[in-house]
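Chemist: Mind folding the following:
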Amino acid sequence: MSTMHTHLDASLSPEKRATALLGAMTLREKAFQITSIAPWNYVDSAGQRVAAADSYVQRGAGFICNFGVDDPQSMAATVGGLQRVAIEETRLGIPMLVQAEALSGFLSGGHMVFPTPTGLAATWSPDLVEAMTDVIRRQMTRVGVRHALSPNLDLGLDPRWGRVHETFGEDPYLTAAMGVAFVRGLQSDDLTQGVIATAKHFIGYGAPEGGSNLAAYEGGSRRTRDLHGFAFEAAIHLANLQSVMNSYSDVDAVPAGASRAVLTDLLRETFGFDGFVSADYGTIEQFVDRQRAALTPGEAGRLAIHAGLDTEFPVPFGFGEALAAEVEAGRADVADLDTAVHRVLTAKFRIGLFENPYPHERIDVASVAAEGVDVSRELARRSVVMLENDGILPLSPSAKIAVIGPHADNVVNQFATYSYPAFRDMMVHMSSGGMGNMIGVDPAMVEWNNTVFAGGPGEHYVRDRLGARSLGEVLAERAASVVVERGASLTADLTDAEFDRAVATADGADIVILALGGASLWFNGERTEGEGSDSADISLPAAQTRLADAVAATGTPVVTVLTQGRAYVLPESVRASRALVVAPFGGPFGPDAVADVLFGEVNPSGKLAYSIPRSPGQIPVYHHQRSGTGYRKPLPPDVTHHYLDTEATPLYGFARGESFTSFELIDLEADRTMTTDGSVRISATVRNTGGRAGATVVQLYAGAFGLGVTRPAQQLAGFQRVELDASASVRVSFEVQARQFGYTALDGAFTVDPGPLKLWMGFDSETPALATEIEVTGARLPLKSGERSFLSVVTVG
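Modeler: Below is the predicted model of the structure:
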């Protein structure tokens, strides 16, 4: 084998193969290998080469940016055509990594859609999330898409931020547990059979100033590493995470994508990450156009490549030709470029892309469409959270029911941004002359979209291809009399006649299902959440509040169902509902899952992944606030409230969720001490004390104090979902290592220190049931990232 082809020797390690191939590359081949390009610049939607490809092929882009089509067979044909161009027409024949989002399912048509991530987190079922991403992995590899731009490991701490629903909620431990499961399912134990997962957005992106997307993140080194870094660190060490995406935000006044402190010092040297950094779309261009941290594309590219940003997506701006020119002029170090290219090539060798670059030739479209149906339905059922119920639920099928509100007859709003139906609608909107996103609009894209999205509007797609139905429709199958009236849209009043008709319908019913909440869309349509869709006031929109007030005034018993991806401040008319149910953007089975709970066919087991405040002025109100901060501080003498005008505690705290049965925790047992290098075991019996089978989530919380640093008043340290028949009980035991409580100490070292540790078990974050205190003994234990413990070990039985 010639030296030029040494990289084809599969007996060599991926790293050695990457070194060999790197040595055969020219400067411009390197500079373009770390960029991506749109598929329509190479092929048409049938995978046939287009004439315009001549001007792109020899640049040798290493990636194809995210795209979707309505049919898996077409997706496979397109990817196959792209790889043929890359392998057969470029000098070195390097296959490309084709990207897709996978947050709520593979972002390509003909594949199952799953609930949005705050809904996934509300299930408290990492095993089911891993089963979901195992389905997604098989779907993506089948059509040759080997790079997933998911999961989102940001912490959703500020409900003003429109992207909260993309996260696993406010808690770092729950986010880590879900994120590890998500990555494991995508990548599998054998990377050659897996899809590269990309955790985003590194770092602090979920805590922007003012809750405004893209705004700066302001946090010290402890908050950055110990809080926002925890889930990323866990995914690196527990799931072999292969890619991380940068944040758009500034971190300590430096754009994250240009920060060597973030992408090299913290991510690589501290956390031990050895994959490649995927640029969020338009990152380098924003250094110039938005953040004004650079004046030219070349300067922006030079900053990014030195910081450790290994790629540029979706099209070259500061990399490619601009970066090659910087290297030739001596302004950029070719060693930085070589490092990035080596990381990208290593990833391609790790997943076996050179040996298996092509997708399956024939795909059974019907069987693919059925994959994941049971998982999606079960996730939707487990994601429903019942916050209040005075006994009105379950409903009687004989009741005369009025379904009132903007979610009463809506189907498409069950599909949030980063699900395929929402993506599809946004692309159609762009091609019709609507506002573009960060990719921009070009004539080739318009022609592509008009071809691949020819199957009709979004509602037609979700009904025809996914079998989706509205809440009113699924309730009508379960009750003898159901009347549906909207009464208001999400954010606007309807006509007086429509409003009055809805109120009259409520007045004449036995029970009202008030279907309120939000919607997440991509830069288009009526929405309350989503990327670039933030809210200064998180109160339920005025139009919905007016409707809720009028319905409540009729005196008809009200069950409110809130379909939402983040917290809303609720008016008194909603708080006074006889029952209050929260559901996520649940995908095709979201309304069915709500109906299953309302009629008692499913006993609800969901627990909130975020706290719901009483007032917008309370933000932030997440449960793990530091001791002495927010509602975790003691009141001064003769002061009865933290605020003059409201309580400081959340209306509903993190992990709150009720059931049609009841549970208790008894018989706590725990070790009294553990060393800084040891572990403690704590256990209790959970008993179903009610009259029907059900499930709950046993939660372990911890508080570590002292030694000069203010730490969280409480932190989630373990959890386990358990299912129990009526009157049944089971023993739940947590084994927790002291290394799980590592923190950045007063002197800046990351350590486990001796001292008191409080542990308690309960069913939510605000009402501890059983508590104990242990003593951590021994000498200080300095920890490297790979020596940490992240998740406790749970034994049931």
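Chemist: how many neighbours does D747 have?
Modeler: By other Cβ atoms under 10 Å, the residues close to D747 number 10. For glycine as for every other residue, the C-beta is placed from the backbone atoms N, C-alpha and C.
Chemist: Apologies, that question was intended for V796.
Modeler: For V796, the neighbour count with other Cβ under 10 Å is 13.
Chemist: cool, S398 as well?
Modeler: The number of residues packed near S398 is 10, by other Cβ under 10 Å.
Chemist: Was I right to think it contacts A480?
Modeler: Yes. Using Cβ atoms under 8 Å, S398 makes contact with A480 at a distance of 5.6 Å.
Chemist: low-scoring stretches of the stretch 451-600 of the chain, by residue?
Modeler: Filtered on pLDDT under 70, the stretch 451-600 of the chain yields the residue ranges 454-457.
Chemist: Show me the shaky parts of this structure.
Modeler: Along the chain, the model assigns pLDDT under 70 to residues 1-3, 431-441, 454-457.
Chemist: switch the cut-off to 50
Modeler: For the chain, residues meeting the criterion pLDDT under 50 lie at 436-439.
Chemist: quick one, domains of it?
Modeler: Domain ranges of the chain: 3-366, 384-415+469-608, 663-796, per automatic domain parsing.
Chemist: With distance to K633 as new columns, can those domains be given to me in JSON lines?
Modeler: Below are the domains of the chain laid out as JSON lines (distance: least, Cβ to Cβ, whole Å):
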{"stretch": "domain 3-366", "distance to K633": "18"}
{"stretch": "domain 384-415+469-608", "distance to K633": "22"}
{"stretch": "domain 663-796", "distance to K633": "9"}
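Chemist: and I619, which of those domains is closest to it?
Modeler: domain 3-366 (6.1 Å; Cβ to Cβ).
Chemist: OK, contacts around the nearest residue to A519 once chain neighbours are set aside?
Modeler: Closest residue in space to A519, ignoring its immediate chain neighbours: N413 at 4.1 Å, by Cβ to Cβ, 6 or more residues apart in numbering. Going by Cβ atoms under 8 Å, 6 or more residues apart in numbering, N413 touches P406, H407, L490, A519, S520, T563, F585.
Chemist: Name the nearest of the residues you listed relative to D507.
Modeler: In terms of Cβ to Cβ, no member of the contacts of N413 lies closer to D507 than P406, at 19.3 Å.
Chemist: so the closest residue to that closest one other than its chain neighbours, which of the three states?
Modeler: Of all residues not flanking P406 in the chain, L490 sits nearest, at 4.8 Å (Cβ to Cβ, 6+ apart). Assigned by DSSP: H, G, I helix; E, B strand; the rest coil, the conformation of L490 is coil.
Chemist: same deal with K758?
Modeler: Three-state call for K758 (three-state DSSP): strand.
Chemist: Who are the contact partners of the residue lying closest to it once chain neighbours are set aside?
Modeler: With Cβ to Cβ, 6+ apart as the criterion, K758 has its nearest non-adjacent residue at 4.3 Å, and that residue is G703. By Cβ under 8 Å, 6+ apart, G703 lies in contact with S627, R711, P712, A713, Q714, Q715, L757, K758.
Chemist: Can you list the strands that the host helix or strand of G703 pairs with?
Modeler: Counting by DSSP states H and E, the element that carries G703 is strand 694-704. Strand 694-704 has the following strand partners under DSSP bridges: strand 715-724 (antiparallel), strand 755-762 (antiparallel).
Chemist: can you give me the offset of that strand from its chain's centre?
Modeler: The chain centre lies 22 Å from the centre of strand 694-704; the measure is Cα atoms, centre = their mean, to the nearest Å.
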